[in-house]
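Chemist: Sequence first, predicted model second:
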Amino acid sequence: MLRLHFSAISDVGRVRKDNQDSGYVGPWLLAVCDGVGGAARGDVASSTAIQQLRRLDEPPTEDLLGQVAGALHRAHDRIGELVDEDPALNGTSTTATVALFDGARIGVGHVGDSRAYLFRNGELSQITKDHTFVQSLIDEGRISEEESRVHPHRNLILKALDGVHEAEPDLFVVELQQGDRLLLCSDGASGVLDDGRLADILSMGTPDFAAVELVRASLEAGSSDNVTCIVADVLDPEADDSPALEDPEPLLVGAAAELRRRMPRAGKGSLFRGHRSGDTGELEAITADLPDDVPFAISSDPVDPEAARYAPRPPRRFAWLQAILALAVVVGVLWVGAAAAWSWSQKQYYVGEDGGNVVIFRGVNADLPGVSLSKPYETSDVELARLSDFDAGKVLEGIDASSLADARGTVETLAAKQSPAETTP
């Protein structure tokens, strides 16, 4: 049976005053959560999720994904309970990336934009996919991976554990082998370090060294977010070349551990001052011959093929009229269908964005080439910039409504959640 040798570190970073990341790593579990919500206390969401998820850190059953899905659901429910108890927490949410180990493989559960990577034989693979607005643009081919790192909406996530909306996590299994190295991190690291730099760091040293170096490199690269990194090596204790290492103790880091380490501003002392800064950083056609005893054609009145080919045929009468009538029928059916579709679409509404404000659109939240299937119907005074990243991302994606009243209700909910407007003295 394989085992894990691991380390974890979480740092508040150079800009944020509070750490909203939380992490946990133990013999059977790796988990990173990145809280979202700002004034709504993202640190509460991430630490609450980790406290639920860490219960998985024991020898798992055969149903890896069932256990992971259940833990994520319990974390979701617990966050909802906290919001019910304290309305001030309304809007809080957290990402969650979880890897449950059974001695040979990991069951992965993923929601949001924290990431999990597998480093094997010198090659780095991202095994999770971001649930973000910019990732949807990448999938559609509208921007590149490099462009996504500087996109103005790169921080807008489309899925999170918030106690309200079922997140439907990605769930899958990854087979492991001796020598693999796993990395789970918040976007404070993956958002500024490309795959090449991550691979360089993961190729060297112990999990302790790699975790510290990843955080240091992220801060040097200009990360403005909290940074949390978990690194775990996959070892085979029975292999001849396996190092003799003691089992590390489980680690709880970030907001979940109530670690309020503050990174001083640039120009002052730093947690990593004095740490070395070197770069480590078409198929062929299938043919078959008929058996000799099978006749070419079976007929009571055999016809010579050439005679049939040139035999006179009666002229088609009024062929042009038949074509016109057929075309008229087709056009009529299409016109009726289009009219019915248009009538239906004008009874649909959704909430989206226009000119920086939350707007109720009439029509369908989709466009055809050269044709817009919706138009602004009512403009609200809710500003996108005053919403949380999560809510703003939902608005940009478009929030479907069952009726105009439902759409207005959604706008009212968003208005209640927007932050106060800044006043100019």
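Modeler: Ah, there it is. Numbering: from 1, shown residues only.
Chemist: Please count neighbours and contacts with C-alpha atoms only from this point.
Modeler: OK.
Chemist: which residues touch the one helix or strand Ser125 maps to?
Modeler: Using DSSP states H and E, Ser125 sits within strand 123-126. For strand 123-126, contacts defined as CA atoms under 8 Å, 6 or more residues apart in numbering pick out Arg115, Ala116, Tyr117, Leu118, Phe119, Asp195, Leu198, Ala199.
Chemist: quick one: the fifth one from Arg181, how far?
Modeler: Using CA to CA, to the nearest Å, one gets 5 Å for the distance from Phe119 to Arg181.
Chemist: Now do the shared contacts for these two.
Modeler: What both Phe119 and Arg181 touch, as defined by CA under 8 Å, 6+ apart, is the set Leu202.
Chemist: Stretch 246-266 - what's its average pLDDT?
Modeler: Stretch 246-266 shows a mean pLDDT of 69.
Chemist: Stretch 104-121 now?
Modeler: 97.
Chemist: Extract the C-alpha trace of it and format it as CSV.
Modeler: These are the backbone C-alpha positions of stretch 104-121, laid out as CSV (Å, rounded to 0.1, in the frame of the first residue of the first chain):
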residue,chain,number,x,y,z
ALA,A,104,-3.7,3.5,-4.3
ARG,A,105,-5.7,6.3,-5.7
ILE,A,106,-7.5,9.5,-4.8
GLY,A,107,-11.1,10.4,-5.1
VAL,A,108,-11.3,14.1,-6.0
GLY,A,109,-14.2,16.5,-5.4
HIS,A,110,-13.9,20.0,-6.8
VAL,A,111,-15.9,23.2,-6.7
GLY,A,112,-14.6,26.7,-7.7
ASP,A,113,-11.1,27.8,-8.7
SER,A,114,-8.7,26.3,-6.3
ARG,A,115,-6.7,23.6,-8.1
ALA,A,116,-5.2,20.2,-7.9
TYR,A,117,-2.2,19.1,-9.9
LEU,A,118,-0.3,15.8,-10.4
PHE,A,119,3.4,15.9,-11.0
ARG,A,120,4.6,12.6,-12.4
ASN,A,121,7.9,11.8,-14.2
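Chemist: Quick check: buried residues in that stretch?
Modeler: 105-120 (16 or more other CA atoms under 10 Å).
Chemist: one step back: how far out from the middle of the chain is the strand holding Ser125?
Modeler: With CA atoms, centre = their mean, to the nearest Å as the basis, strand 123-126 stands 17 Å off its chain's centre.
Chemist: List of residues touching the very next helix or strand once past that strand?
Modeler: Once strand 123-126 ends, the next helix or strand along the chain (criterion: DSSP H and E) is helix 133-139. Helix 133-139 is touched from outside by Ile143, Ser144, Glu145, Ser148, His151, His153, Arg154, Leu156, Ile157, Leu158, Gly393, Glu397, with contacts defined as CA under 8 Å, 6+ apart.
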